[in-house]
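Chemist: Just to be clear, the model below is a prediction. Sequence and coordinates:
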Amino acid sequence: MSRETLFNAALLLGLLLVPIWALLTDEPFTITLATRAVILALAAAGLNIALGIGGLVSLGHAVFFGIGGYAMGILAHHAQGFTPLMEWPFVIEGTKSMPVIWLLAIVVSALAALVIGLLSLRTTGAYFIMITLAFGQMFYYFAISWSAYGGEDGMSIYVRNDFPGLNTLAPIQFYGLCLALLVVVLVFSARLRRAPFGLSLNAARQVPARLEAVGLDPMRLKLVAFVISGAITGLAGALFADLNRFVSPTMFSWQFSGEIMVLVILGGVGRLFGPVAGAVTFVALEHVLGGLTEFWHIYLGLILLGVVLFARGGITGLIAGREASHD
Amino acid sequence: MTDTVLRTIGICKSFGALQASKDISIDLRPGEIHAIIGPNGAGKSTLIAQICGALKPDAGRVELLGKDITALSTDQRARAGLGRTFQISALAMEDTVLENAVLGALGARGRPWRFWASALGDKDLRHRAEAALERVGLAEARAKRCADLSHGQRRQLEVAVALTLEPKAFVMDEPMAGLGAAGSKDLTGFLDQLRQQAPILLVEHDMDAVFALADRISVLVYGEVIATGSVDQIRTDPRVRDAYLGESA
């Protein structure tokens, strides 16, 4: 077993054991923190496909996170108010069912990623960053002005949504659900990166000219990667909204796009468990340093600077070394 | 026409006032190596770019197996059967030798849209990739990262990736670039065999290799083909001596 495999296994074991320990010692807040870390890891795992494998520096992933959040918010808002979502040409009711909400979050985020990707992938480098950022701002201000759904104030959802067979109000059960989704996405990512698609996308990031020369269109590969990436981050948004039982335009903010990127860079760009390492570290720092000082972001900034300057593989690279070549 | 595999018909390309290609018509016949030579700035790279699809000609056409491919993009041309190698190795440096070769194999078959099954675990792809590596003598290095390869090995891998495409025609842009005398000689021997599989349009500065390999040579000067002929014809052509080979030939 490589060092990276051991590191990943240790992380996963930690995510399994810490909440159980918290449950036994009756520390529900720790479970909430862990849930937050897992959901952020999921959002970052989405970005890691576009950024890590495809090299797409998207500063607009909050768009998908926000769409996921509002998918949850809007459906649950109508369900709790007993008002239909629309009445013409056919009636659509709101819902409190998580699987339905997740499906909608995934589909709408994927569609948004398709449109944004089609327009922004014509550019590269700084222009790509700027266009994704611009889309993020468009969605942000749209959400602020969308008064039917709370506008600037956002929406509160009074009771967490339902999942068949679970009591999602119990923190540990909701946590288990989120962790299970994270594991599913990580397994999918692990397969994806070794599948023909991942191999091609990885090469598209490194040498687009080679890809064309062997008969592949790098643009289409990157577009599909962007769509998959957006869909996963959208799912994370729906969970995040359910965790807080609250959605607001800040989910669309460019600061949040930056935060997802920080998670990926902190954990190790392109590393399978990089988003997990990044999110766990981020939430831990936020909790520990945030308790000491209001200005904890200064220290986060210093740590990030250290990672970028001295540990290009992020925390994963620091602990597990260079990525093992797979054969 | 059935006796040409690849040809250009009256290709013209200008960049502002500079005419980089002036009415270039060349063809590549089955089983031959057709070398393009010319001094620096003669427009060889521009010609290659138009044949492979990176540049669109202002006028003229490119045909592969009698089919007009002028409107096709680079990747479509590759799938149509054009296998190219780059002057400066264009390989995925972080990936292994085998992964680079598998990429060629899956690209040519247009099969990147698989998200679950392992690429290296695909027997068909792996077999094609390994066969290509075997042929260029890189089988031993298959698990190495490209970044750890010597320059010579990278040149070999360039050729191996093109082999995995099983192309109808090869377009090779200075495959000998940077190779030592021994490496150059090995590759010359290899290309000599390769022409039986598919003809090669060869742009090369190494004159020993060109004279040893080429069935025909076209000389490009200031964007114009000033002569096409056998090695002996080109060696003795006064215009070529004037324009290019100079005193040394």
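Modeler: Thanks, I have it.

Chemist: burial of A:Ser2, as a residue count?
Modeler: 12 (other C-beta atoms under 10 Å in any protein chain shown). Glycine gets a C-beta too; all of them are placed from N, C-alpha and C.

Chemist: how close does it sit to chain B?
Modeler: 14 Å (C-beta to the nearest C-beta, to the nearest Å).

Chemist: and if you look at A:Val288?
Modeler: 35 Å.

Chemist: Look at that residue and give its secondary structure.
Modeler: Here A:Val288 is helix, with the state taken from DSSP: H, G, I helix; E, B strand; the rest coil.

Chemist: Now do it, the pLDDT please.
Modeler: If you check A:Val288, the pLDDT there is 92.

Chemist: how about the helices of the chain, start to end?
Modeler: If you meant another chain, say so; for now it's chain A. For chain A, the helices defined by DSSP state H cover A:3-24, A:28-48, A:62-81, A:98-120, A:125-145, A:171-194, A:196-206, A:208-213, A:218-244, A:254-267, A:274-292, A:296-310, A:314-320.

Chemist: oops, chain B please
Modeler: B:44-52, B:74-80, B:97-108, B:123-136, B:151-164, B:181-194, B:207-213, B:231-236, B:238-240.

Chemist: Same list, those, but as JSON lines with mean pLDDT, distance to chain A and mean neighbour count please.
Modeler: Converted to JSON lines, the helices of chain B look like this (pLDDT from 0 to 100; distance: least, C-beta to the nearest C-beta, whole Å; neighbours: other C-beta atoms under 10 Å in any protein chain shown):
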{"stretch": "helix B:44-52", "mean pLDDT": "95", "distance to chain A": "7", "mean neighbour count": "23"}
{"stretch": "helix B:74-80", "mean pLDDT": "95", "distance to chain A": "4", "mean neighbour count": "21"}
{"stretch": "helix B:97-108", "mean pLDDT": "94", "distance to chain A": "3", "mean neighbour count": "27"}
{"stretch": "helix B:123-136", "mean pLDDT": "95", "distance to chain A": "8", "mean neighbour count": "18"}
{"stretch": "helix B:151-164", "mean pLDDT": "95", "distance to chain A": "7", "mean neighbour count": "24"}
{"stretch": "helix B:181-194", "mean pLDDT": "92", "distance to chain A": "17", "mean neighbour count": "16"}
{"stretch": "helix B:207-213", "mean pLDDT": "92", "distance to chain A": "22", "mean neighbour count": "18"}
{"stretch": "helix B:231-236", "mean pLDDT": "92", "distance to chain A": "29", "mean neighbour count": "15"}
{"stretch": "helix B:238-240", "mean pLDDT": "87", "distance to chain A": "31", "mean neighbour count": "14"}
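
Chemist: Kindly check the end-to-end length of stretch A:235-253 for me.
Modeler: Chord length of stretch A:235-253, first to last residue, is 17 Å (C-alpha to C-alpha, to the nearest Å).

Chemist: what's the answer for stretch B:39-46, then?
Modeler: End-to-end span of stretch B:39-46 (C-alpha to C-alpha): 13 Å.

Chemist: What are the contacting residues of that stretch?
Modeler: Here stretch B:39-46 makes contact (C-beta atoms under 8 Å, 6 or more residues apart in numbering or on different chains) with B:13, B:20-21, B:36, B:38, B:55, B:87, B:173, B:203, B:220-223, B:243-244.

Chemist: Tally up the residues packed near residue 165, please.
Modeler: In the absence of a named chain, chain A is used. Look at A:Gly165: counted by other C-beta under 10 Å, it has 6 neighbours.

Chemist: wrong one, chain B
Modeler: 25.

Chemist: Also the one 5 residues further on?
Modeler: Other residues within reach of B:Phe170 by the criterion other C-beta under 10 Å amount to 27.

Chemist: isn't it right next to B:Gln196, touching?
Modeler: No: contact status for B:Phe170 versus B:Gln196: not in contact, 11.9 Å apart, counting by C-beta atoms under 8 Å.

Chemist: Quick one: the helices of chain A as JSON lines, columns for mean neighbour count and distance to A:Asn161 too.
Modeler: Output for the helices of chain A, formatted as JSON lines (neighbours: other C-beta atoms under 10 Å in any protein chain shown; distance: least, C-beta to C-beta, whole Å):
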{"stretch": "helix A:3-24", "mean neighbour count": "15", "distance to A:Asn161": "20"}
{"stretch": "helix A:28-48", "mean neighbour count": "25", "distance to A:Asn161": "14"}
{"stretch": "helix A:62-81", "mean neighbour count": "27", "distance to A:Asn161": "6"}
{"stretch": "helix A:98-120", "mean neighbour count": "20", "distance to A:Asn161": "5"}
{"stretch": "helix A:125-145", "mean neighbour count": "17", "distance to A:Asn161": "20"}
{"stretch": "helix A:171-194", "mean neighbour count": "19", "distance to A:Asn161": "10"}
{"stretch": "helix A:196-206", "mean neighbour count": "25", "distance to A:Asn161": "32"}
{"stretch": "helix A:208-213", "mean neighbour count": "23", "distance to A:Asn161": "42"}
{"stretch": "helix A:218-244", "mean neighbour count": "26", "distance to A:Asn161": "6"}
{"stretch": "helix A:254-267", "mean neighbour count": "22", "distance to A:Asn161": "22"}
{"stretch": "helix A:274-292", "mean neighbour count": "20", "distance to A:Asn161": "22"}
{"stretch": "helix A:296-310", "mean neighbour count": "13", "distance to A:Asn161": "31"}
{"stretch": "helix A:314-320", "mean neighbour count": "22", "distance to A:Asn161": "33"}
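
Chemist: Of those, which is nearest B:Asp68?
Modeler: Of all the helices of chain A, helix A:208-213 sits nearest to B:Asp68, with 19.4 Å by C-beta to C-beta.

Chemist: is that closest one anywhere near chain B?
Modeler: Yes: using C-beta under 8 Å from any C-beta of the partner chain, helix A:208-213 reaches chain B at A:Ala209, A:Arg210, A:Leu211, A:Glu212, A:Ala213.

Chemist: rewinding a little: which one, of the helices of chain B, ends up nearest to B:Leu6?
Modeler: Per C-beta to C-beta, nearest to B:Leu6 of those: helix B:44-52, 7.3 Å.

Chemist: check contacts around the residue of chain A found nearest chain B.
Modeler: Closest to chain B within chain A is A:Val214: 3.2 Å, counting by C-beta to the nearest C-beta. Neighbour list for A:Val214: B:Asp75, B:Ala78, B:Leu103, B:Gly104, B:Gly107, B:Ala108, B:Val161, B:Thr164, B:Leu165 [criterion: C-beta under 8 Å, 6+ apart].

Chemist: among the helices of chain A, which is nearest B:Asp215?
Modeler: Evaluated with C-beta to C-beta, those place helix A:208-213 nearest to B:Asp215, the distance being 24.6 Å.

Chemist: ok, what's across the strand from the residue sitting nearest the centre point of chain B?
Modeler: With distances taken as C-alpha atoms, centre = their mean, the residue of chain B nearest its centroid is B:Met172 (1.8 Å). Beta-bridge partners for B:Met172, by DSSP bridges, are B:Thr85, B:Leu202.

Chemist: picking that back up, could you provide the helices of chain A in TSV, with additional columns for distance to A:Ile157?
Modeler: Below are these laid out as TSV (distance: least, C-beta to C-beta, whole Å):
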stretch	distance to A:Ile157
helix A:3-24	23
helix A:28-48	16
helix A:62-81	4
helix A:98-120	10
helix A:125-145	16
helix A:171-194	13
helix A:196-206	36
helix A:208-213	44
helix A:218-244	7
helix A:254-267	19
helix A:274-292	22
helix A:296-310	29
helix A:314-320	34
